[in-house]
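Colleague: Fold the following for me, if possible:
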Amino acid sequence: MRWTQRRRRLAHQVDPGSRQMRLDEKVALVTGAGRGIGRACALAFAEAGADIVVAARTEEQLADVCGDIEALGRRCHAVPTDLADGGQVQRLADEALAAFGCVDILVNNAGVAIHHPVPDIPTDVWDLTMAVNVRAPFLLTRALWTHMVERGGGCILNVASVSGKRAGAGNATYSASKYAIIGFTESLSKAGREVNIRACAVCPGPVATVMRAGNNPSENPADILTPEDLAELALFVATRPPRVVLQEVVMELNPSGTG
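Modeller: Modelled structure (predicted):
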């Protein structure tokens, strides 16, 4: 219901029903799809005509988003996955290909953000952050790259952050991971141009997610971006023709904006 209401309000801005914004006969794999940005992307892509493979740790959340996708008339396959586990990441890629025979769009969205002052950063937090935010996107990209080449092309969207453009004093671990994914995406974009694989790092400012709220409990969600804002941008990027290169896109909220 929330997604439908949001779509109606923004139909004049981005219309998944228009020819330019369609993903018919495409398959998208979205990580972190149980809630927040990943869920919004999965629903937006489904409404644009794509079948969706959704991955997250929580089976109940996956069942919920799959139900919403199927209500839109699209197919959905859920793969419960702990992206900190490299073996599970490879299984996710294998299951996605087995489910629908192809993956045209990869959305590396899942992430963790655990903040500590620099002297207090636990090694296990550093390792977990790099495993989920950097290694998992790398492993999925590597697992699907040759498939995309053989299929004639594809699109890889890596959800980064403005924290990968300008770091803060209290988020060294998270910022380091986002700087890494932006650099990784730049390399992918250049490598993919000869084989019709487009790679883009989407760099949002603060977004109203559960993870964000946990780190910033006093923040007003009305003052920051919504997951649907990011989903609209992701859909726009995913539907560009191969001749259009969007290597990096920064999205921030204009507090003075209206409409």
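Colleague: any idea which element Ile156 lies in?
Modeller: Ile156 belongs to strand 154-159 when assigned by DSSP states H and E.
Colleague: Quick check: what element follows that strand along the chain?
Modeller: Once the chain leaves strand 154-159, the next helix or strand it forms, by DSSP H and E, is helix 172-192.
Colleague: how about that following helix: buried residues?
Modeller: With burial defined by 16 or more other C-beta atoms under 10 Å, the residues of helix 172-192 counted as buried are 172-182, 184-185, 188-189, 192. In this view, the C-beta of every residue, glycine as well, is placed from N, C-alpha and C.
Colleague: Also stretch 233-241?
Modeller: Judged by neighbour count using 16+ other C-beta under 10 Å, the buried positions of stretch 233-241 are Leu233, Ala234, Leu235, Phe236, Val237, Ala238, Thr239.
Colleague: The residue lying closest to Ala110 once chain neighbours are set aside and His77, how far apart?
Modeller: Take Ala110 and drop its neighbours on the chain: the residue closest to it by C-beta to C-beta, 6 or more residues apart in numbering is Gly32, 3.1 Å away. Going from Gly32 to His77 by C-beta to C-beta, to the nearest Å gives 16 Å.
Colleague: Compare the two and say which one has the larger neighbour count.
Modeller: Neighbour comparison, Gly32 and His77: the larger count goes to Gly32, with 29 against 19 (by other C-beta atoms under 10 Å).
Colleague: from what I can see that one touches Ala42, true?
Modeller: No: the pair Gly32 and Ala42 fails to qualify as a contact (C-beta atoms under 8 Å) at a distance of 9.6 Å.
Colleague: Tell me who's in contact with the residue most central in space within the chain.
Modeller: Centre of the chain computed as the mean C-alpha position; nearest residue by C-alpha atoms, centre = their mean is Asn109, 3.0 Å away. Going by C-beta atoms under 8 Å, 6 or more residues apart in numbering, Asn109 touches Val30, Thr31, Gly32, Ala33, Ile37, Gly38, Cys41, Leu157, Val159.
Colleague: which of those residues has the weakest pLDDT?
Modeller: Within the contacts of Asn109, Ile37 has the lowest pLDDT, namely 93.
Colleague: Look at that one and give its secondary structure.
Modeller: Under the three-state scheme (DSSP: H, G, I helix; E, B strand; the rest coil), Ile37 adopts helix.
Colleague: so Arg198, which of the three states?
Modeller: Classified using three-state DSSP, Arg198 is strand.
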